[in-house]
Structures are given as C-alpha cells and as structure tokens.
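Asks: Below are the sequence and a predicted model; questions follow.
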Amino acid sequence: MTPKTRALEREEELAGLAVRASACQLCPQLVESRSQVVFGAGDASAQLMFVGEAPGASEDREGVPFVGASGKLLDTLLEEIGLSRQEVFIANVLKCRPPENRDPRPDEVANCSPWLEAQLAVVEPALVVTLGNFATRLLRGDPAPIGKVRGRPEVVAVGSRSVRLYPLFHPAAALYRRPNLELLREDFARIPSLLELGPPDQPRDEPVTDKAVPEGEEEPAREAGDAPVPAEDERPGGQLGLF
Ligand code: URA
C-alpha cells in the first residue's frame with residue numbers, strides 16, 4: 001500500500017470512529033452536559049499526537065479540541081518549534097465537556113478511553129505528548145503527578161502497541177503560573193529531536209524465531225532515555241482496560 005493510500009485509509013477510519021463516538025451514551029451526566037462530542041482534530045497520519053484532559057466551553061461550542069485560551073497557547077508553542085496544528089493530531093482523555101469543567105471521573109475516563117486507544121491505533125504517531133495529569137496518568141498507568149514526570153520521555157504499552165510518551169504540563173497550568181510556562185517552553189523545544197527518533201519498536205516488529213532464548217541471555221539494548229515497556233501483567237487494566 002502506498003503512503004498516500006494508507007493516509008486516506010487512516011482518514012476514513014478516523015472519520016468512522018468520529019461518527020460512532022458522536023453517538024456515545026456511556027456517561028449519562030456528560031451526555032446531558034455536552035453540546036456535542038469533541039472527538040479530536042488534525043492530521044490522521046500525524047507523527048505527533050497531543051492528548052489533553054477534556055473539552056471546555058469553547059471546545060464544546062466549536063466541536064474542536066484546544067480552541068480556547070489553552071489552545072491559543074498550544075498553537076504558539078507549536079509555532080515556536082516550527083509546527084502547526086494541521087500537522088499534528090489533538091485529542092483529549094474525555095471527548096465530552098464535564099459540567100462546570102469539573103475533573104473527569106474515573107468511570108468516565110474508563111468509558112472514554114477506548115476512543116483514545118482507537119485513535120492511537122489508527123494514527124500510529126511516533127510521539128505522544130500528554131498534557132497534564134489526566135492524560136499522563138492514564139497513558140502511563142501510574143498515579144505519579146505531572147510535576148514529577150514532566151519532560152521525561154519513556155516508552156509505554158498502550159493496548160498492543162508501544163508508544164513513545166512525553167508528559168508535559170497542561171497549557172492551562174502554564175497560563176496560571178509563569179514559571180510553568182518557561183518549563184513548558186523548554187520541554188516543547190525537545191519535541192523535534194524526539195520526533196527524529198521515530199516510533200518505538202512494536203511488539204509485532206520483533207523477529208519471529210522458534211529458538212528459545214537461553215536463560216540469562218541479555219535483553220536487547222533499549223534506546224537511551226526509554227524506560228522499559230512494562231510486562232503484560234504490570235500494564236494497567238490491559239492497558240487501559242479497553243476492548
Ligand atoms: N483543555 C483540554 O484539556 N482540552 C481541550 O480541548 C481544551 C482545554
């Protein structure tokens with residue numbers, strides 16, 4: 001399949017998912033509070049994907065993620081590293097606006113995460129930047145706060161895929177606290193070099209061999225800066241408890 005054909009296929013797959021998501025009724029309170037489902041936007045073949053928390057009032061109105069104040073800052077930070085939102089894919093943990101912009105609830109995150117996993121499986125980005133605590137905790141499968149893990153790339157398992165993750169502060173946190181903005185800017189500056197690493201090896205890329213690996217044999221070397229992919233039974237709810 002040519003890259004162009006694959007790109008069209010990804011667009012169609014995402015469009016089909018968006019149609020299905022738009023009718024989602026899994027979270028009664030969110031169905032009540034949303035004007036529409038904010039599925040995600042951008043290039044279906046993007047190498048870089050951002051995952052935020054949930055749509056706010058502007059996003060709920062326009063049906064597009066990150067179009068409010070946080071979105072304006074995201075656009076600026078992207079521009080500073082020579083990228084535009086058309087070249088990336090932007091999604092959220094929750095596709096519906098929580099009432100009064102309250103935090104996503106665990107049951108809502110669990111209900112909604114299959115959409116995110118499906119988006120990741122279609123887009124297959126080389127790098128996933130999580131913005132803030134909710135996206136970072138979900139995709140890392142660990143409750144460590146963003147302040148502890150920001151700016152540290154690692155490879156994690158999401159469903160059956162290995163994903164290169166780069167947790168960063170949420171732009172809203174940078175709008176509230178100037179020092180966070182400087183850190184976010186510094187962390188953004190590393191994105192181009194992380195993109196150059198390309199996607200991490202996928203489990204299915206491993207060579208098929210019927211030779212047993214002798215005990216004590218060293219594991220293959222990992223790329224510098226990558227944390228080990230957790231063993232199957234350490235993955236949170238296999239990984240997101242999806243599908
Ligand atoms: N904050 C988010 O996390 N997502 C949006 O889409 C907008 C603001």
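Replies: Cool, got the structure. Numbers count the residues shown, from 1 in each chain.
Asks: can you tell me the helix or strand for residue 201?
Replies: Following DSSP states H and E, one finds residue 201 outside all helices and strands.
Asks: Give the burial count for it, as a bare number.
Replies: For residue 201, the count of nearby residues is 15 (other CB atoms under 10 Å). All C-beta atoms are positioned from the backbone trio N, CA, C, and that covers glycine.
Asks: which residues touch it?
Replies: residue 162 (CB atoms under 8 Å, 6 or more residues apart in numbering).
Asks: Tell me which residues touch the residue of the chain found nearest the ligand, please.
Replies: Nearest to the ligand in the chain, going by CB to the nearest ligand atom, is residue 52, at a distance of 2.9 Å. Residue 52 sits next to 65, 66, 70, 90, 91, 92, 93, 131, 132, 135, 170 when contact means CB under 8 Å, 6+ apart.
Asks: As a markdown table, these with secondary structure would be great.
Replies: What follows is those, written out as a markdown table (DSSP: H, G, I helix; E, B strand; the rest coil):
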| residue | secondary structure |
| --- | --- |
| 65 | coil |
| 66 | coil |
| 70 | helix |
| 90 | strand |
| 91 | strand |
| 92 | strand |
| 93 | coil |
| 131 | strand |
| 132 | coil |
| 135 | helix |
| 170 | coil |
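Asks: what's the most centrally placed residue in the chain in contact with, if anything?
Replies: Centroid-nearest residue in the chain, with CA atoms, centre = their mean: residue 51, separated by 3.9 Å. Going by CB under 8 Å, 6+ apart, residue 51 touches 91, 92, 93, 116, 128, 129, 130, 131, 135, 139.
Asks: Quick one: buried ones out of these?
Replies: Neighbour-count burial (16 or more other CB atoms under 10 Å) is assigned, among these, to 91, 92, 93, 116, 128, 129, 130, 131, 135, 139.
Asks: The third one and residue 170, how far apart?
Replies: Which is residue 93. To residue 170, residue 93 is 11 Å away according to CB to CB, to the nearest Å.
Asks: What are the contacting residues of the longest strand seen in the chain?
Replies: Longest among the strand segments of the chain by residue count, using DSSP state E, is strand 161-168. If you take CB under 8 Å, 6+ apart as the criterion, strand 161-168 is touched by 120-121, 124-131, 135-136, 139-140, 146, 149-157, 184, 187-188, 190-191, 194, 197, 199-203, 226, 229.
Asks: Return the list of strands paired to it, each annotated with direction.
Replies: Pairing partners of strand 161-168, with direction, according to DSSP bridges: strand 127-131 (parallel), strand 154-158 (antiparallel).
Asks: gap between it and the chain center?
Replies: Offset of strand 161-168 from its chain centre (CA atoms, centre = their mean, to the nearest Å): 7 Å.
Asks: Now it: average pLDDT?
Replies: When pLDDT is averaged along strand 161-168, the result is 95.
Asks: Identify the contacts common to residue 93 and residue 170.
Replies: Here residue 93 and residue 170 share the contacting residues 52, 53, scored by CB under 8 Å, 6+ apart.
Asks: May I ask which helix or strand encompasses the residue nearest to the centre of the chain?
Replies: Using DSSP H and E, the secondary-structure element containing residue 51 is strand 48-52.
Asks: how about the longest strand of the chain, does it get close to the ligand?
Replies: No: between strand 161-168 and the ligand, judged by CB under 6 Å from any ligand atom, nothing touches; the nearest distance is 12.0 Å.
Asks: Residue 138 contacts residue 93, doesn't it?
Replies: Yes: taking CB atoms under 8 Å as the definition, residue 138 is a contact partner of residue 93 at 5.6 Å.
Asks: Next, show the common contact partners of the two.
Replies: 109, 113, 116.
Asks: Report the contact partners of the residue nearest to residue 11 when sequence neighbours are not counted.
Replies: Using CB to CB, 6 or more residues apart in numbering and skipping residues adjacent in sequence, the residue nearest residue 11 is residue 44, 4.5 Å away. Residues counted as contacts of residue 44 (CB under 8 Å, 6+ apart) are 7, 10, 11, 13, 14, 89, 122, 123.
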